[in-house]
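Asker: Pasting the sequence and the predicted model now:
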Amino acid sequence: MKIVVTVKQVPDPNATQGLESDNTIARDREVVLDPGDEYGIEEGLVLKEAQGGEVILVSMGPERARDAIRKGLSMGADRGILITDEQLAGADALLTAKALAAAIKAESPDLVICATESYDGSTGMVPPMLAELLDMPQLTTAKQVEVSGSKVTIHRQTEDGYQVVEAETPALVTVTAGIAEPRYASLKGIMAARSKEVKQVGLSDLGIEKGEAAETVLAVNDAEARQAGEVVEDDGSVGVEKIMAVLQTAKVV
Amino acid sequence: MAGIWVYAEIGQEKLAPISLELLAKARELGDAEAVALGPGAGAAAAELGKHGAKTVYVSEDAAFGEFIAEPAADTMEALVKQHSPDLVLFGFTTDSREVAGRLAARLGCGLISNALDVKSQDGGFVARVPYFGGAKIADYKANAKPAIVLLRPKSVEASEVGGEAKVEQVQATIGANSKRARILERKVEAAEAVKLEDATVIVSGGRGMGGPENFPILEDLAGALGAAVGASRAVVDAGWVPYSMQVGQTGKTVRPGVYIAVGISGAMQHTVGMKASKVIIAINKDSEAPIMKMADLGVVGDALKIVPKLTEAVKAKKGK
């Protein structure tokens, strides 16, 4: 089975998020493989171990996004494709999906695995667009994936439980955190990853033209911020007293 | 007048509340119409009419409820091409964004997601979108026609205007190849005592709770207050509590009277989903945590000690 996992490099969610004084995003932030993508990679590796085949990581981003691919390769993925092009800086969801689709189509995978959403954008728009452009069914927010022959069955997370959803391959699956515990890269894995192929492609290699963006930014303003209220140090009783006072004012107690 | 469409989300044969919120916005922007697809669409149309939809395009075809996204995207594509609305509004919810994503890719028009508001400007539409985790708001002008905008739940208040929609039965236009991702069964897991979205008081826990074994003390407090229990993405991802409890950008958006954030640092992912709460109380051992800068009351201390005492105090007060 040929499995493509999409991966993204994002600002480290565990690092302090900062803005420079001129409101641009602080450049010194650490970047990491999106933690959500580690679940997709893990699921891809589990399926490959059970069924045989190949796990290919596809990413779009600047040159340094190669590190994110490399991390996935050290977990055990077989090879990577990095789509990088100056014209892709600030790409919207549709352009991103088009670039990913073109690179993935060339591989004719049986299964495409994406995280439900990225950690930085968190809008989750790329997977359904990608499924459409690849002409695949989408099996989304999976907390369990099973592949049997040409059939994929997932447990799709819902508000109040889950749905059992099934489709034939090729299919696109989005996975939630908690589907599987991502493995750590072993030293052997890290060494092996160094010699694994990461192919770099640009927009022209993919035969894509950058079309008109869906939107134009007119202005960026500060969001209405809430004002900080009172901050008290608890001494064993003042915390509860203060909270009770607020609850009484709010007529909750 | 501009044609403003609302994609009415129907889940398990019931109209999702977001649909009525979208209609309130659509009415403000032009001639509001809605599309309701799947079993239950007919009943939904009456409700949509009461909220100001002039026309509702309806198909009760069972395929819409049985297959994920594709049948709805197919039919939306056909209807949009036939009627050329200026703007199509979707809810920023799991089901709707999957349909919107496929539709936008197919029409090649792109979309603006996660919007807080949308308004008419210079003959087009401008959406307000939180950016940098909600610290900034960007104004995006939609370039395509139709403009597709996904509005966050609870960004707009639904309001009834008491009209009656003209119901137009439409043919489900479903591609031969679109009945692919089939929903075989639905399983309901334990329902929450008080629903997060409806709660007037919410007690939420984050990593500072130390582990899932400590969540019962939040449940005790919530029980005493008649509150719902929420959580941050960090603890949901860690598997401590189910996804249904997640408050934040990708979880639920809530605006209760009182929100008590316990052991939650206040990452923007989380605060974007709760900062519209009337009163915010934070309990955290770190006085520098971002949540302290937005809380009406911040208590610096050990949550595991404070919360049980608070529960006792609430019980004592309510017992009187």
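Answerer: Perfect, I can see it now.
Asker: Can you tell me the number of residues neighbouring A:Lys151?
Answerer: When neighbours are counted by other Cβ atoms under 10 Å in any protein chain shown, A:Lys151 registers 12. Using the backbone N, CA and C atoms, a C-beta is placed for each residue, glycine as well.
Asker: tell me the contacts of it?
Answerer: Neighbouring residues of A:Lys151 by Cβ atoms under 8 Å, 6 or more residues apart in numbering or on different chains: A:Glu166, A:Ala167, A:Glu168, A:Thr169.
Asker: are any of those residues buried, and which?
Answerer: Buried subset of the contacts of A:Lys151 (neighbour count, 16 or more other Cβ atoms under 10 Å in any protein chain shown): A:Glu166, A:Ala167, A:Thr169.
Asker: re the thing from before, could I get the contacts of A:Lys151 as TSV with pLDDT, secondary structure and distance to chain B?
Answerer: Shown next, in TSV, are the contacts of A:Lys151 (pLDDT from 0 to 100; DSSP: H, G, I helix; E, B strand; the rest coil; distance: Cβ to the nearest Cβ, whole Å):
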residue	pLDDT	secondary structure	distance to chain B
A:Glu166	98	strand	5
A:Ala167	98	strand	5
A:Glu168	97	strand	7
A:Thr169	97	coil	10
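Asker: Widest-spaced pair of these?
Answerer: Maximum pairwise distance among the contacts of A:Lys151 (Cβ to Cβ): 11.0 Å, between A:Glu166 and A:Thr169.
Asker: Common neighbours of these two, please.
Answerer: Common neighbours of A:Glu166 and A:Thr169 (Cβ under 8 Å, 6+ apart) are A:Lys151, A:Val152.
Asker: so who does B:Leu150 touch?
Answerer: Counted by Cβ under 8 Å, 6+ apart, B:Leu150 has contacts B:Leu89, B:Phe90, B:Gly91, B:Phe92, B:Ser96, B:Arg97, B:Ala100, B:Leu111, B:Ile112, B:Ser113, B:Asn114, B:Ala115.
Asker: Quick check: it vs A:Met244, distance?
Answerer: Distance, B:Leu150 to A:Met244, by Cβ to Cβ, to the nearest Å: 41 Å.
Asker: okay, now residue 86: neighbour count?
Answerer: If you meant another chain, say so; for now it's chain A. 8.
Asker: that's the other chain; I wanted chain B
Answerer: 20.
Asker: isn't it right up against B:Asp31?
Answerer: No - using Cβ atoms under 8 Å, B:Asp86 is not in contact with B:Asp31, being 9.5 Å away.
Asker: Now do the shared contacts for the two.
Answerer: Common contacts of B:Asp86 and B:Asp31 (Cβ under 8 Å, 6+ apart): B:Ala2, B:Gly3, B:Ile4.
Asker: Now those in TSV, please, with extra columns for secondary structure, pLDDT and neighbour count.
Answerer: Listed next are the shared contacts of B:Asp86 and B:Asp31 as TSV, based on DSSP: H, G, I helix; E, B strand; the rest coil; pLDDT from 0 to 100; neighbours: other Cβ atoms under 10 Å in any protein chain shown:
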residue	secondary structure	pLDDT	neighbour count
B:Ala2	coil	76	16
B:Gly3	strand	93	19
B:Ile4	strand	97	28
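Asker: Backbone torsions only: list them for A:Ile56.
Answerer: Per-residue torsions, A:Ile56: phi -110, psi 130 (degrees, to the nearest 10).
Asker: Who is it paired with across the strands?
Answerer: Counting by DSSP bridges, A:Ile56 is bridged to A:Val4, A:Arg79.
Asker: So it sits against A:Arg79, correct?
Answerer: Yes - using Cβ under 8 Å, A:Ile56 makes contact with A:Arg79 at a distance of 5.7 Å.
Asker: Settle it for me: which of those two has more neighbours?
Answerer: Counting neighbours by other Cβ under 10 Å for A:Ile56 and for A:Arg79 shows that A:Ile56 has the greater number, 23 against 16.
Asker: So the more buried one versus chain B, what's the distance?
Answerer: 22 Å (Cβ to the nearest Cβ, to the nearest Å).
Asker: so where do the helices sit in the chain?
Answerer: Went with chain A since none was named. A:35-51, A:66-75, A:93-105, A:126-133, A:187-194, A:203-206, A:238-249 (DSSP state H).
Asker: meant chain B actually
Answerer: For chain B, the helices defined by DSSP H cover B:17-29, B:41-50, B:63-66, B:70-83, B:94-107, B:215-225, B:233-237, B:268-271, B:303-319.
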